[in-house]
Structures are given as C-alpha cells and as structure tokens.
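*Asks:* need a structure here:
(chains A and B)
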Amino acid sequence: MMMASMVANGNRDGRQGEALVLKGVDPETCMIVFKNHWAQVVKILEKHDPLRSNTSSNMAALGVIGLSSGGPMRFGGPIPGDEASAVQNYVEHILFLLMEEDAGQAGAMGPILEFVVMENVMERLFLWSLRRQFTDDMKLEQLKMYEMIVGQARQPLLHHKPVLRPLMMLLSSCSGTAGPEVEAELVSLLNQLCCVLAKDQSVLELFFHTSEDQGAANFLIFSLLIPFIHREGLVGQQARDALLLIMSLSAENQRVAQHIAENTYFCPVLATGLSGLYSSLPTKLEVPGEEWHCLHREDWLQMPTLVQFLNSLEFCNAVIQVAHPNIRDQLVSYIYNGFLVPVLAPALHKPTLEEVMTTTAYLDLFVRSVSEPVLLQTFLSFILLHPHRHTLPGNVHILDTLVSRIDTPFQLGTVSLALFQTLIGLYCEDVMLQLILRYLIPCNHMMLSQRRVVKERDFYSVSAAKILALTPSCCSPEHSPPPLRQLDSILWSKGTDNSPNTGTMETEETFLEEDGSCYSCVIGSEIYLDVNYLHYLYNARLGISSCTRACQVWSAPYDGEDPPPEEGRQAQTTTDPAPTNQLELEWDDSYDAGPVVSLEAATAESSRPPQLPAAEPPKHIQEMRRTAIMLVKGSYIEESDFQDDVMVYDLVAKKDARDTVTKGSKEVKAHVADHNSNLQSPSAEVGDDLMGQYEELIRTLGSDEAGTGGSSPVKTVDKEFRNPVVTPMEEDEVDFSSFSMDTPELEKPHSSLFGTKLRSGSTRSHSVPFTGPFVSVLLSRLENMLDNSLHVNLLLTGILAQLAAYPQPLLQSFLLNTNMVFQPSVRSLYQVLASLKNQIEQQASTKKDFPKLITSAQHCLLARENSRECSPLEAGRMMKSSPPPQPKTISLARTEVFATVLFTEFLKELAAIAQEHSILSHVPMEE
Amino acid sequence: MNKQRSDSEEQSGEQQQQRASPARPSFGKKQLPSIPKNAVPITKPASPAATAQLANGTHASYGPFYLEYSLLAEFTLVIKQKLPGIYVQPSYKSALMWFGVIFIRHGLYQDGVFKFTVYIPDNYPDGECPRVVFDIPVFHPLVDPVSGELDVRRAFTKWRRNHNHIWQVLMYARTVFYKINTMEPLNPEAAVLYDKDVQLFKSKVIDSVKLCNSHLFDQPKMDDPYAISFSSWNPAIHDEAKERMFTHKRRPEDHHKGLQVSGLSWVKPGSTQPFSKDDNPPLS
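*Replies:* I've put the predicted structure just below:
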C-alpha cells in the first residue's frame, strides 16, 4: 500500500524534492545507489524463492502456471510484513532512479536500464507480488507502478522484453474479474500504452511478438479494451479513446487491421452493443407538449441511457472515420445487420403510436448525430432501401412507411415531418432521388411542350410576383398597424451601401445621415417596402448557395435532360415488372386525396379482374395498394406482424375526427392501441371482428365523402384545388408564351386547365403523371394549413422552403415556376397556395373580427420569435420595457388565424427563394 | 460582383460546417418584422402609388425588387457569355447604369480601347432597348459624333422581354467595329468616307483610336466609385493582382480540394438508382 500511495502521488509532492536532488547527482552515484538497493531487495526475494534459484528467475515457467491458475499464489509460508514493506521501500527508490535516468549516447540504454534488463528486475518484482497474495491491491500497485514508469521515463522502456513481458503478464492477469478500482487503473494504463504505440509504432511489433510468446496470438492490449467499449463514465471514455488510437494505427498498419478484423470481436461487440443500449432506451417518450417534434440536446441530456447510446454511436462514427477500410466495412456491415435491420426496423413498426413516434424521434436524432459519410450511408440505405416486407414482386421500404406517416394526425406525423426535415437537410442525392426526383425525371408531370421550360430561368421575377400576388388582402402590408408593419421608407438608391451586387436599399435614415452628395441617378422615387422581405432575400441567398455548393458532388444536374427523361421512365418500368392495370391510375390520383379514398378505390379494384398492362405507378404505390387490398380482404391478419399501421391510424383518426369532439386525444390513442393489440394476436375471430370494424369504417367514411357533394370523392377534391388556379393562370398567359417563342398556340395551357386531358404523344400515354407520395403528402397537408396547428405549419413550410432552395431545375421548376403547365392530374405547390388564398379570403369575408385576430396573432408570433432569440430573462425584460400595444391574447387554437399569418410569410419566403434562384443557380459557383 | 460573391461563399461555408453537428433550425423560422427599437413608428403615410395594386395583382411595393433582380439576372448572363474584349460593371449608384470598356483586337479599329456607359430604361424589360454611349465619340458611321451614342436601336427595333438581353447589346457594340455598316448613319461623314475613300476613313479611324487611347487615363466621366478607370502599371499594386489571377486559373482543382463539400451522393453517374456507386461498402 505504501508503494501504491507513493506511485499515485508520483513525483508531484514529497518526491519532487528527491527528483530535483537527483538531477544534481552524477549517474555513477545513482548507479551505485541503485545496485545497493537492488541487492537488498534480492536478498529478501531469494529468501522466499521456493526454487532457490540465485540468478535470474525462471520466470516464464512460473508465470504461466501462476497466471493460468488465476488464483492467489503462495510459495512457502506467508511473507512477514516488515520484509514486504522493506522491499516496497527499496523499489520506490529504484523506480525513481530508473525514471530519472537519461538515455545513453546515440539512443543506447542508460546504465540503470541496462542493469534492469540484464537482471530482469521487473519480472522479479512482478513475481514477488505474485508470491505474496495477488489481491486487487497488489494488482493496483503493479499497474500504477507501470503507469508511472511508462508515462514518465526519459528513455524508451517498452522496447525491452524484460520490461515488456512482465507488463503483459500483469495485464493478462488483470483481465477477467476484478474490482472497479483495478478496472479503472487497467484502462488508464492501457490508454497510456496506446498513446505510446501511437507515437512509436516500432513498439507495436513487440506487443504482437510478446503476445505470441504467451501462446496467444492476440493483440492483448486491444482485446483487453474491448469489454469497456460501451462502459459509461470516465473508464468507458478512456477505453474508447485508447481504441481510437489503435484504430487510427490500423489505417496505416495492415497487420493490425487484419488482426482486428479477423481475430477479434471488436466490430460485432461494437454493433451489437448498440442494439443492447438501444433496448434500454425508453420505448415511449414523455413528450413535453404538443409542439414537441424532435429530440433536442436539452432533451436527451436528461436521459442517461440515450446519452450512453449516443456516446457509443459517436464512437462508431469515430472508428469509421479513422480505421482501416477493412475494419470500417466490417463495422458498417455489423451495424446494418446487427442493429438497424434486427432492432431498429421492428422498432419502427411497433404496435402503438407512441412507440413508433419514439422510434422515429430516435432515428432522427441518430441521423443528426452521425457525420461520417460511410456511416450516414448505412443509415440512409437502411431508410431508403431496406425492404420491411418481403412480398413479391414489390417491397415496402422503410422510407415508404415513414412518408405515409407524415399524414397521421397525431404527433407521429409531426415527428415524421421533423425526420424528413433532417433528411432533406443532408443535401444527399440518393435521398432526394428516392423522395422526389425519380418521379420528376420522366418529365411526365408536365406537358410535353414544357420540357424546354425546365431549364429556363425566370429573368423578370414573374414567379415571385405571382406568388406574392397570393397575399391575402387582409394581410397586405398596408393593413397592419405600425409596430407590425415595418414599412420603412426606402429609397431605391445606391447612395451609401457599399455592396455593389444585390438590390441595395437602405432606410431613409441612413440615407439622410450619410449621403451628403446628391446622386443624380436614383431609380424611381421613395417607395414603401416590406423591410423583412430583405431578410427573406438574404436567407434565400444563403440557403441556395450552400445547397448549390453541396450539390456539386451530385452525379447529375437533374435539369430535364440529364438524366434523360425517357431512360428515367424505362428504368422505372423495368424495376417494376409486375403487370398492373388501368385502375391503378385511379388509385394514384386518389392517393393524393387521402388514404380513405385510396382504400375505396382499392376495394373496387380488387373485385375486378386484371386488365391489360398499362399504367405503371411506382413500386411502393403498388405495394401500398396491395396492402390496402389485403386489409380489406382479411389476409392482412395472416401477416405475422403488424405491417402497415399507418392505414389503421389514419382510418381511426378520420373516424374519430368525425365523431364528437368530446373525445380526448388520449382516448383516440388508446383506441388505436386497442386495435393494434388485436391485430397482433393471431386469433381468427379477432381478425374477423376487426375486419368488420374496418369495413364499417370504410363504408361510413366513404359515404361521408360522397355526402359532401361530388359524385366521386376524387372529383370533389380535384375541383377544390383546381378551380382557384384558373384565374391567376390566365392572366399570365402572355408571360408564359413569351418565355419561349416557339410554343405552338395549340399547347397553351388553358385548354388543359379545364379538364381536357391532353395526351401529347403515344409514347407517354401509358405512364401516369405522378410526382411521388412525398410531394403528395406534403401538399395535401399544406392544403389543410388552416386546420393545422402552428407548429405543424412551421415544419411544413420549413420543409417546402428547404426543398425550394435546391438548385436542380426539375425541382425548382416544379415548385417555383408558376408558368409551368403540368398535367391535369398533377397538383402543384402554386395550385395549393392559390387554393389556400381562396380559403383565407373566404374566412376573412365571413368573420368580422378577422383583421383584429390577424393583428393579435402577428403580435403573438412576434413575441414568440423575440423570446426565442434572447434568453428568457432578457425576453421578459424586453417585453416590459418596450410594450407594444398588446391587444388581447389569442388562443393558439385559432389555427386559421395563425395559418393566415404564416401563409403570408411563407409566400414572401418562397418569392425570395424564386428571386434568388434567378440570379444564383446559373452562375458557376467557383467564380 | 466578385467581392459580394466571395462573401456569400464564406457565409455558406460556415453553414456547411454546422452540418457536422446538425442543430435543428429554431422552430420559429418564419421572419416577422421586429419591433423597432425606438417605439416611434414611421407615421409617414404611404403614398397612394405604393399601396395601389398593379393590374396583374402584384403589390406595387415589391416592384423595385423585381427590377433589381431582373438587372442582376441580366448581369449574370453577361458574365456567363464571356464576351471577348468586353467588360462591364454596374454603377454604384444605380443598377440601371453600367460602365463598360471594349478592347478591339484586330481590324480597322485595332488597339482601340473605348469606354462606354449603358443606360437601361427604368421600365425594363418592357421599355425601349438600352442605350450605349461612348465616353468619347469614336469616329464610326453608327456613333453620333456629338453625343457618342451608338445606334443600337437598329438592331433591336423592339425590345422583347425574354428574347433580348443586355449581353446581346454589348455583343452588337463589339460587332460594329468589325463589320462596318453605313446605312442610315448617325455620322454621315464617316459613312460617306467609308464608302468613297476608305484610305481617308482608315486614317481618320486611326486618329480617333489614338485620341480615345490618349484619354484612357483620364478621370472617369461619371463620379462613381465603380466607374472604370485606368492607371499606368504600378508593380506594387498590379503585380500581385496579376499573380493571383494566373495562379487561380492554373490550379482550379487545388482550389476545390480545400473546400469541404457537404453534399452527399452515392449515385453512379448515368444511373438513377440510389447507392449505385461501385465503392459502396457491402452491407450484407
């Protein structure tokens, strides 16, 4: 114990004096002292040596026997305490002399080290500690001794076998069961050894050789670290740091890499560890409020199990970053096959809403936490391509399930939206391809004549103007009272601004202050402008340029020519060999209108014989249709686990929404959970009962839809969102035709707007215009903006703005070009916005207090924004010190009011993005 | 132009770095006007012109934004065209006024360096075509000997939005010096001489070119920070700039390597399948 304390203190306190003294002493004296002390030690050692060997010990034989038996070893009787402490005392001095010795000339050993090597000092000391009771205390003592000399010696010690070998024996004796103190010390020493390795790779070879001497062909220090990979706290962190050092070593050292990949369980332990840690995460999160939609840092810091999981995930990320490709690939494969597929995939399909929502939030957090491209790719290919259900001939991918969940009315929908916000923010071509671009590549969504328009740019901000023209009259800037309306008087001049490029305007104040000289050339006169539009322009510029830069690594420009539209279509059809029939066209359309209708269409479809192969909707749409059919036919239940929960959530939700409002959402959830537990049980009666319920549901919902007026639900919906568009579209006819001179009169858009389907060629007639489920779901949720809660709308508009900032002409033209003419069955963002404007105008005209409510909502949002920007304390102060004429507060339940305010801001955001695109996307970035 | 762009690049660069530890954008992303610090609202009533809506439903107050962006778009087009021997720069004061200079490399006007100004009508793109006025009236059939204005209108009788662009005007301004047209001249003397006495025409042109070049180092006509001005070679300033121009051109790849690209793609070029690149690690 004495020695332990001495070593622990190092030469920091009492020993420092001695160290200083030693510096003045000449090496010869040190050597004499050393030999002297050693002689004393040897006397005691030999006295208790059972073999009575008087030269260097027969260490190897003894050691191995001792270690393999593992238990405490005693030779002869117990060693008297005074003798033990005497040895400790001498050893203390000896080690200091060794530590303080400088290397000899030209890297030769110093005389003391040479003596240590010749006399096998370290081995004999280790043996001595074995001979006494080899308790944890003893191990601790030895470990600390090595930690000290390894860390503080002035010459390399580990190169010498007589030093290294007893160290390795000590290490292996410490593996297995030991107290936490020993573990901590062991990991600390291992960490130190790894630092030495990282600095001096020549030692590495010796570590391997020494291991072989021990009869085990393993890389001991590495193997010893593996059990601590997932440990929490300092020990785990030290172990992971040490392992990372070895990982980066492996990148340059093929032998290490090969050993780790082939002879150790490093990768499997790491990956399955993730699974283990994941299983201890809460399966249901306690959500702070309705507004909550993703796990922020402050959320997960409160959850120790999640912190631990993220630590391990971060470690995987780091390993993949630095390790040899062999290790990297192996680890990635284990994470995919050992964690994502067996653990996360089922978790994403758990039976209750809360569980699924929780898993989705976790997945979002994981994707946000991973930075190394290879690991990100693993997660993304799991999301995009992992077939959750193996049904022939198509698969439902995780992505399809996630997309469909956006449409669930509960918090699951919001959390799913947040996940997609993360995914879109990755600027990943593969993600965007699967989500949207692959539906746009064939250019089926637009009229044939419009293909040339895809790449054209909007020189005169025509689209921005049309978008802004949708501003509801009740929200036009002139109608807002002063604090909200920040219509600064802006002079359209370049008097004082020193940025030459952008539309530089400054407020009158600055103009008057700084602009002494009178410039003759001022465009226009004083004009009142919505100042915050400048902020939107600025943000749009930042967003587009970073997105454009990121997309430089993409494989194609997606401009309607590359990838070529025809090939894109063929690719789509070749991957979908299943014969399909005409009716799927209906199903496709109805998908836009909501799952209720789709179910109905599917029901109708299932009762008819298949017809000629014609339309080929995307694979997963076919699959979802199949699911719907199964659901209706009852074969759904035969599937072993709960497959497409979304349908059910949705049905139940829709039904409940139609039921009395008195039912709380908790009841609804319980309701759902009930159904799910039923679904999971394989009992046939339950299934029958359930099917009865569903059929009933479908019937009632279907009749509800029909009851709203139209003969078919699809048509009703179509009318709703197309009618408002006609007026603005016609007005800009002129603009459009001038966009491309050669556009034949025949293909002018209004003919198609009124419902006449223009099939532009036989080659295209069989492919269904469809912009994909993701766009459909987003737009249909956007269309319900007035009923959505504020936070849902913030997410929705955020995602759409994110998408609009992408520079790919296909995407840009689809989302922002208000002059594009799309196929009648394709719904565009502009159409939805126009429909929303109409809804808002209608509300405004029927409700007298609407303008007042708008003002209140604006104040409320403003306060919210300000409180977000500064600390709560500051916000409170600010609100007190600058009291805006606070009108009576407005309940967030007035969703239509908040949505109206948000809608107006969203229009500005989109218009600003459209304007920035017109000057940014087409300029090569490197200039 | 360049300064501005590099600024925005830096800013977006910062954004990219944030992706490594993605922070979700704050919830309240929508911009709302902030409450002015001095709670004195601007009480000046908006002028009727500003509040009135245009016939096509556009809010009048956004008009200036559309004009400014239209001109910016035109300018980016000019850059993209890389017109030989022509350089333009919008003025500091107004986006409707561009300064330019044209270098004639061969032909009758060889070695001519002519400064000019482009004036764009403020109802662009629905107005007349932009005007081009040379600082010094160069001796040319189509250049007004008094005002220095080039007859641009003959080439763009009617300015058509989307079809006519300012780079075309600049291109035309260059062409007139290589291909002389004497029909309906603004400078009848030059036209007549060209047709009747080319030798004299040539010598007059040479004199005119000399005159223009002798005024090259004059102060710009317009008092504007972005007016184009020439100065004689000053190694202290110009050597370094030249060096930078050439090194930048020579090593575009190195330049790229330095930038950390934040986008991701595992799509094989020519494929439309995700994760189709060959170097994907095997997952199963």
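*Asks:* any idea which element A:Cys294 lies in?
*Replies:* Element membership for A:Cys294, per DSSP states H and E: none, as it lies in no helix or strand.
*Asks:* so what's the residue count around it?
*Replies:* 20 (other CB atoms under 10 Å in any protein chain shown). Every residue, glycine included, has its C-beta placed from N, CA and C.
*Asks:* that one touches A:Phe366, doesn't it?
*Replies:* No: A:Cys294 is beyond contact range of A:Phe366, at 11.7 Å (criterion: CB atoms under 8 Å).
*Asks:* what sits against the spatially closest residue to A:Ser813 that is not a sequence neighbour?
*Replies:* Spatial nearest neighbour of A:Ser813, excluding adjacent residues (CB to CB, 6 or more residues apart in numbering or on different chains): A:Val454 at 4.7 Å. With contact taken as CB atoms under 8 Å, 6 or more residues apart in numbering or on different chains, A:Val454 is in contact with A:Cys443, A:Met446, A:Asp559, A:Gly560, A:Pro809, A:Leu810, A:Ser813.
*Asks:* how does it look with 10 Å?
*Replies:* Contacts for A:Val454 were tallied using CB atoms under 10 Å, 6 or more residues apart in numbering or on different chains; they are A:440, A:443, A:446, A:558-561, A:565, A:808-814, A:817, A:820.
*Asks:* what's the answer for A:Val182, then?
*Replies:* A:Thr135, A:Asp136, A:Asp137, A:Met138, A:Lys139, A:Leu140, A:Gln142, A:Leu143, A:Cys174.
*Asks:* same check, this time on A:Tyr830
*Replies:* Applying CB under 10 Å, 6+ apart, the residues near A:Tyr830 are A:463, A:466-467, A:470, A:725, A:728-729, A:814-820, A:822, A:910.
*Asks:* hmm, back to that, common neighbours of A:Cys294 and A:Phe366, please.
*Replies:* Joint contacts of A:Cys294 and A:Phe366 (CB under 10 Å, 6+ apart) are A:Thr422.
*Asks:* what's around the nearest residue to B:Leu200 once chain neighbours are set aside, how many residues?
*Replies:* Excluding its sequence neighbours, the residue lying closest to B:Leu200 (CB to CB, 6+ apart) is B:Leu193, at 5.4 Å. The tally of other residues near B:Leu193 (other CB under 10 Å) stands at 21.
*Asks:* which SS state does B:Leu193 fall under?
*Replies:* When classified by DSSP: H, G, I helix; E, B strand; the rest coil, B:Leu193 comes out as helix.
*Asks:* kindly report the same for B:Lys93.
*Replies:* coil.
*Asks:* check it and give its pLDDT.
*Replies:* On pLDDT, B:Lys93 comes in at 85.
*Asks:* residue ranges with poor pLDDT in chain A?
*Replies:* A:1-24, A:50-77, A:177, A:209-218, A:389-394, A:477-530, A:567-768, A:868-888, A:921-927 (pLDDT under 70).
*Asks:* spatially central residue in chain B, please.
*Replies:* The residue lying closest to the centre of chain B (CA atoms, centre = their mean) is B:Phe75, at 3.4 Å.
*Asks:* just the element for it, please.
*Replies:* Counting by DSSP H and E, B:Phe75 is part of helix B:63-81.
*Asks:* just the C-alphas of that helix, formatted as CSV.
*Replies:* What follows is helix B:63-81, C-alpha atoms only, in CSV (Å, rounded to 0.1, in the frame of the first residue of the first chain):
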residue,chain,number,x,y,z
GLY,B,63,-41.7,46.3,-57.9
PRO,B,64,-38.2,47.6,-57.2
PHE,B,65,-37.2,44.1,-56.1
TYR,B,66,-38.3,42.7,-59.4
LEU,B,67,-36.4,45.3,-61.3
GLU,B,68,-33.3,44.9,-59.3
TYR,B,69,-33.3,41.2,-59.7
SER,B,70,-34.1,41.4,-63.4
LEU,B,71,-31.0,43.5,-63.9
LEU,B,72,-28.9,41.2,-61.7
ALA,B,73,-30.1,38.3,-63.8
GLU,B,74,-29.0,40.2,-66.9
PHE,B,75,-25.7,40.9,-65.4
THR,B,76,-25.1,37.2,-64.5
LEU,B,77,-26.0,36.4,-68.1
VAL,B,78,-23.3,38.8,-69.4
ILE,B,79,-20.7,37.2,-67.2
LYS,B,80,-21.8,33.8,-68.4
GLN,B,81,-21.4,34.9,-72.1
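*Asks:* check the offset of it from the chain's centre.
*Replies:* 8 Å (CA atoms, centre = their mean, to the nearest Å).
*Asks:* does chain A sit close to that helix?
*Replies:* Yes: using CB under 10 Å from any CB of the partner chain, we find that helix B:63-81 touches chain A at B:63-77, B:79-80.
*Asks:* what subset of those residues is buried?
*Replies:* Neighbour counting with 16 or more other CB atoms under 10 Å in any protein chain shown marks B:63-77, B:79 as buried within those.
*Asks:* which elements pack onto the helix or strand that B:His238 is a member of?
*Replies:* Following DSSP H and E, one finds B:His238 within helix B:235-250. If you count contacts as 3 or more CB pairs under 10 Å, 6 or more residues apart in numbering or on different chains; DSSP states H and E, helix B:235-250 packs onto helix B:252-258.
*Asks:* average pLDDT across the helix it packs on?
*Replies:* Per-residue scores along helix B:252-258 average to 46.
*Asks:* what of stretch B:135-152?
*Replies:* 96.
*Asks:* could you list the buried residues of it?
*Replies:* B:135-145, B:148-152.
*Asks:* before we move on, what about stretch B:228-245?
*Replies:* So, applying 16+ other CB under 10 Å, buried residues of stretch B:228-245: B:Ile228.
*Asks:* same deal with stretch A:834-851?
*Replies:* So, applying 16+ other CB under 10 Å, buried residues of stretch A:834-851: A:Ala834, A:Ser835, A:Leu836, A:Lys837, A:Asn838, A:Gln839, A:Ile840, A:Gln843, A:Ala844, A:Phe850, A:Pro851.
*Asks:* any idea which element the last one lies in?
*Replies:* If you go by DSSP H and E, A:Pro851 is part of helix A:850-869.
*Asks:* related to what we said a few turns ago, from the contact counts, what lies against the helix holding B:Phe75?
*Replies:* So helix B:63-81, by 3+ CB pairs under 10 Å, 6+ apart, packs with helix A:462-468, strand A:526-530, helix A:532-550, helix A:895-920, strand B:86-90, strand B:97-103, helix B:166-175.
*Asks:* which other helices and strands contact the first one?
*Replies:* The reference is to helix A:462-468. helix A:713-731, helix A:733-739, helix A:809-816, helix A:829-846, helix A:895-920, helix B:63-81.
*Asks:* taking helix A:532-550 as reference, get the angle to the third one.
*Replies:* On the basis of axes from the mean of the first three to the mean of the last three CA atoms, to 10 degrees, helix A:809-816 is oriented at 160 degrees to helix A:532-550.
*Asks:* still on that earlier bit, surely the residue nearest to the centre of chain B touches B:Ser91?
*Replies:* No: counting by CB atoms under 10 Å, no contact exists between B:Phe75 and B:Ser91, whose distance comes to 11.7 Å.
*Asks:* just give the closest residue to A:Leu892, not the sequence neighbours.
*Replies:* A:Leu790 (5.9 Å).
*Asks:* residues near the one you found, how many?
*Replies:* When counting by other CB under 10 Å, one arrives at 24 neighbours for A:Leu790.
*Asks:* I'd say it and A:Ala857 touch.
*Replies:* Yes: between A:Leu790 and A:Ala857 a contact is recorded at 9.1 Å, counting by CB under 10 Å.
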